[in-house]
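Enquirer: Need coordinates for the following:
(one chain, ligands or ions: 1)
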Amino acid sequence: MSKQTLNFQAEVAQLLHLVTHSLYSNKEIFLRELISNASDACDKLRFEALDQASLYEDAPNLEVRVAFDKDARTLTITDNGIGMSQAEAVEHLGTIAKSGTKDFMGRLSGDQKKDAQLIGQFGVGFYSGFIVADRITVESRRAGLPAAEGVRWVSAGTGDFEVETIERAARGTSVILHLREDATEYLSHWKLQQIIGKYSDHISLPILMQKETWDAEKSEYVTQDEWEAVNSASALWTRPKKDISGEQYVEFYKVISYDQEAPLAWSHNRVEGSTEYTQLLYIPAKAPADLWNRDRKAGIKLYVKRVFIMDEADALMPAYLRWVKGVVDSADLPLNVSRELLQESRDVKAIREGNTRRVLAMLEDLARKDKAPETAEGQDGVTDVVSEEDKAEQAQDAGKYTAFYAEFGAALKEGLGEDFANREKLAKLLRFASTQSDAVSVSFADYKARMKDGQKAIYYITADTLAAAKNSPQLELFRKKGIEVLLMTDRVDEWALSFLPEFDGTPLQSVAKGAVDLGELQDEDEKKAAEQAAESFKPVLEKLKASLKDKAKDVRVTTRLVDSPACLVVEDGDYSTQLARLLKSAGQKAPEVQPILEVNAEHPLVKKLDGSSHFDDLAHILFDQALLAEGGLPDDPAAYVRRVNALLA
Ligand SMILES: Nc1ncnc2c1ncn2[C@@H]1O[C@H](COP(=O)(O)OP(=O)(O)OP(=O)(O)O)[C@@H](O)[C@H]1O
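Expert: All right, here's what the predicted structure looks like:
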């Protein structure tokens, strides 16, 4: 191919402009990005060579070389990975093919600071070279192609680039940065080594630089011909824990997750036994924007004996833990394992279970340390023997579980329906608001410890908002009796709780389902009075049933109300009216559930019913108001307004 000039795809030009302008304050990341590309290219070669060993040609040792030339003002990153053909260079370096990057372009706000953060999350890759270079030359030859089919790609990072055929003996790619005037600092061995140590130490290939020695005569450092590795050149997860600093763990997390914030916790283990693997799992501090997309791929990278196999290995983590990030390196899986094969493998099942156990153990640990350690001695004058070290560790982790739960708690609940084997563990990790705490901090165990003598169930209510839950008429009797009720406002709550009939031997009971039976908590006189009221109220009930026959499955007298005239409940086992609403608004089919209207025979409005000339209107108003009180809307709002107005007039 003779020299050709081609235009960048419009989006590339836009991205380039952004990269060079927004990322200026953190210039040095360009080196991380280019070394990461070089390392990916080597991973790709290793992978393709599994079937075609000849691709290694005469250079089986994969490596990255970083060199600079002060006089020419160039910095060159060379790898002997897969390389690019001419067509690939045009495509990969001239267009943005990745849908993720396109998605990101759509989210740009124009606010430089915010956009810079976004870019950080997505990784800008190759184009970050233009932060420090006013011209980039890429020379490459794809593994397996003849030396005569090399390619040179040159661009100044504006509207276009040039490509031409070159002769290139070495397989792989050289990215040559022609540094800008203000990027002279990168023409220094010390500086480059420092950046590589910071961002790229975990890269599993050797990153080589030419040695420098002090020349006393010249009184300056001189570059030697000999190359030496400037990174540890072993994948982070393959090193012993004691050799890895907290900072290195955090840095590695940022690389694999594109998250700029440090993770909340991590766990690094070598698992031995019938299935052998290494796991390094991280709990992020913030939920990604697409957490609710259940098709979102898991954040686990799979390696087999240190060879990279695939990103997003979703078979290695259950869907409710799709937000966990990390690496699994298996010693047993075949190197040519495909996604389909993964789904069926017994080893993979063992790894998935091992990963799940590990994540839940991390969460249990965070939950245990969530409250800051108490310094005062206990009520009985006895102090726990806690070492200062333990206390310090606990203090460091205080509040992390609360922070975690605010981000990921709702996703965790999906596990109740999905992961039968860990249901009990999951139930212990759940937290709710309650009639005693607006903060989402009450565990089932906390609740049980506060249960009244004679209380037989853990009571809860589901609603759209905390305010709706707190003010729900169904709670009135519980309030009066001082019985705590858990307030659940996550969309998944009702669905998830349907998989949890009890906690630690105590049944869970929705206060909006079934009849209230407070058992021993209700005194006998009250019960008797209610029965009598129901008896004398019977004729009115019959009339109410007739009026509301199209709306209510049944009408009955209740003891659960104190201040309100009526409320709606459903039968045990039926979908609540709230869940039915949710499903409907999500466009899903919900079974038509007719609620039961419960009325408070002591309420003046209800007493007024008997003998009223507006009986039918009052009956419908009672029903519609009960629906409104729990956040629903009357089927026919106009009819409701007409009825109320008729009574007001
Ligand atoms: N050193 C290299 N060797 C071979 N191909 C490369 C090299 N550098 C870049 N490429 C090709 O160019 C493409 C674009 O690179 P770029 O860094 O912009 O994005 P990416 O690596 O796909 O994504 P990201 O860097 O965001 O993870 C790569 O996907 C790869 O195909």
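
Enquirer: list the contacts for residue 480?
Expert: Applying Cβ atoms under 8 Å, 6 or more residues apart in numbering, we find residue 480 in contact with residue 562. For glycine as for every other residue, the C-beta is placed from the backbone atoms N, C-alpha and C.

Enquirer: where does residue 328 land in three-state SS?
Expert: What DSSP: H, G, I helix; E, B strand; the rest coil gives for residue 328 is strand.

Enquirer: ok, it - how many residues close by?
Expert: Neighbour count of residue 328, defined by other Cβ atoms under 10 Å: 26.

Enquirer: thinking it is in contact with residue 355, fair?
Expert: Yes: shown here, residue 328 and residue 355 form a contact pair, counting by Cβ atoms under 8 Å, at 7.0 Å.

Enquirer: Which neighbours do these two have in common?
Expert: Here residue 328 and residue 355 have 279, 300, 316 as joint contacts, going by Cβ under 8 Å, 6+ apart.

Enquirer: that's a strand at the second one, yeah?
Expert: Yes: following the definition three-state DSSP, residue 300 is counted among the residues of a strand.

Enquirer: and it, how far is that from residue 314?
Expert: Look at residue 300 and residue 314: by Cβ to Cβ, to the nearest Å, they are 8 Å apart.

Enquirer: With neighbour numbers in mind, choose between these two.
Expert: Using other Cβ under 10 Å, the more surrounded residue of residue 300 and residue 314 is residue 300, with 27 against 19.

Enquirer: The more buried one bridge partners, please.
Expert: residue 326 (DSSP bridges).

Enquirer: Which pLDDT value does the model give it?
Expert: pLDDT, residue 300: 93.

Enquirer: Would you confirm that it contacts residue 328?
Expert: Yes: using Cβ under 8 Å, residue 300 is in contact with residue 328, at 5.8 Å.

Enquirer: Which residues are in contact with each of these two?
Expert: 313, 316, 355.

Enquirer: Select only the buried ones of the residues you listed in ChimeraX?
Expert: Restricted to buried positions by 16 or more other Cβ atoms under 10 Å, the ChimeraX selection for those reads:
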select :313,316,355
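
Enquirer: Spell out the residue ranges of the helices in the stretch 1-150 of the chain.
Expert: Taking DSSP state H, counting those that start in this stretch, the helices of the stretch 1-150 of the chain run over residues 10-22, 29-48, 86-94, 99-106, 112-122.

Enquirer: Surely residue 261 touches residue 285?
Expert: Yes: Residue 261 is within contact range of residue 285, at 4.9 Å (criterion: Cβ under 8 Å).

Enquirer: so what's the closest residue to the ligand within the chain up against?
Expert: Residue of the chain nearest the ligand, by Cβ to the nearest ligand atom: residue 125 (2.2 Å). Neighbouring residues of residue 125 by Cβ under 8 Å, 6+ apart: 33, 36-37.

Enquirer: restrict these to contacts with the ligand.
Expert: Residues of those in contact with the ligand (Cβ under 6 Å from any ligand atom): 33, 37.

Enquirer: Could you dump the contacts of residue 125 into TSV with pLDDT and neighbour count added?
Expert: Formatted as TSV, those follow (pLDDT from 0 to 100; neighbours: other Cβ atoms under 10 Å):
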residue	pLDDT	neighbour count
33	85	21
36	87	19
37	91	22
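
Enquirer: With respect to residue 48, which of the contacts of residue 125 is nearest?
Expert: The closest of the contacts of residue 125 to residue 48 turns out to be residue 37 (Cβ to Cβ; 16.5 Å).

Enquirer: where along the stretch 51-200 of the chain do the strands fall?
Expert: Ranges of strands in the stretch 51-200 of the chain, per DSSP state E, counting those that start in this stretch, are 64-69, 74-79, 133-141, 150-155, 160-166, 172-179.

Enquirer: where in the stretch 401-550 of the chain is pLDDT low?
Expert: Scanning the stretch 401-550 of the chain for pLDDT under 70 picks out 517, 519-520.

Enquirer: and this protein, what are its domains?
Expert: Domain assignment of the chain by automatic domain parsing yields the ranges 4-229, 236-369, 431-648.

Enquirer: and the second one, anywhere near the ligand?
Expert: No: looking at domain 236-369 against the ligand by Cβ under 6 Å from any ligand atom, there are no contacts, and the closest approach is 8.1 Å.

Enquirer: Can you give me the end-to-end span of that domain?
Expert: Using Cα to Cα, to the nearest Å, one end of domain 236-369 lies 27 Å from the other.

Enquirer: likewise the longest one?
Expert: Counting by Cα to Cα, the length from the leading to the trailing residue of domain 4-229 is 38 Å.

Enquirer: Use 29 as the first number from now on
Expert: Sure, I'll start numbering at 29, so the last one becomes domain 32-257.

Enquirer: tell me the centre residue of the chain?
Expert: residue 351 (3.3 Å; Cα atoms, centre = their mean).

Enquirer: for that residue, helix, strand, or coil?
Expert: Classification of residue 351 using three-state DSSP returns coil.

Enquirer: Relative to residue 60, how far out is it?
Expert: Distance from residue 351 to residue 60, by Cβ to Cβ: 24 Å.

Enquirer: before we move on, what about residue 49?
Expert: Per Cβ to Cβ, residue 49 is found 19 Å from residue 60.

Enquirer: Name the residue in those two with the higher neighbour count.
Expert: Neighbours per residue, other Cβ under 10 Å: of residue 49 and residue 60, the larger number sits with residue 60, 20 against 12.

Enquirer: Surely the more buried one touches residue 230?
Expert: No: taking Cβ under 8 Å as the definition, residue 60 is not a contact partner of residue 230, at 10.9 Å.

Enquirer: Spit out the residues that contact those two alike.
Expert: Common contacts of residue 60 and residue 230 (Cβ under 8 Å, 6+ apart): residue 283.

Enquirer: Contacts only, for residue 187.
Expert: 35-36, 41.

Enquirer: Buried only: go through these for me.
Expert: residue 36.

Enquirer: just to revisit the earlier point, include distance to residue 606 and mean pLDDT when you put the strands of the stretch 79-228 of the chain into a markdown table, please.
Expert: Putting those into a markdown table (distance: least, Cβ to Cβ, whole Å; pLDDT from 0 to 100) gives the following:
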| stretch | distance to residue 606 | mean pLDDT |
| --- | --- | --- |
| strand 92-97 | 57 | 97 |
| strand 102-107 | 57 | 98 |
| strand 161-169 | 58 | 97 |
| strand 178-183 | 58 | 97 |
| strand 188-194 | 58 | 95 |
| strand 200-207 | 57 | 98 |
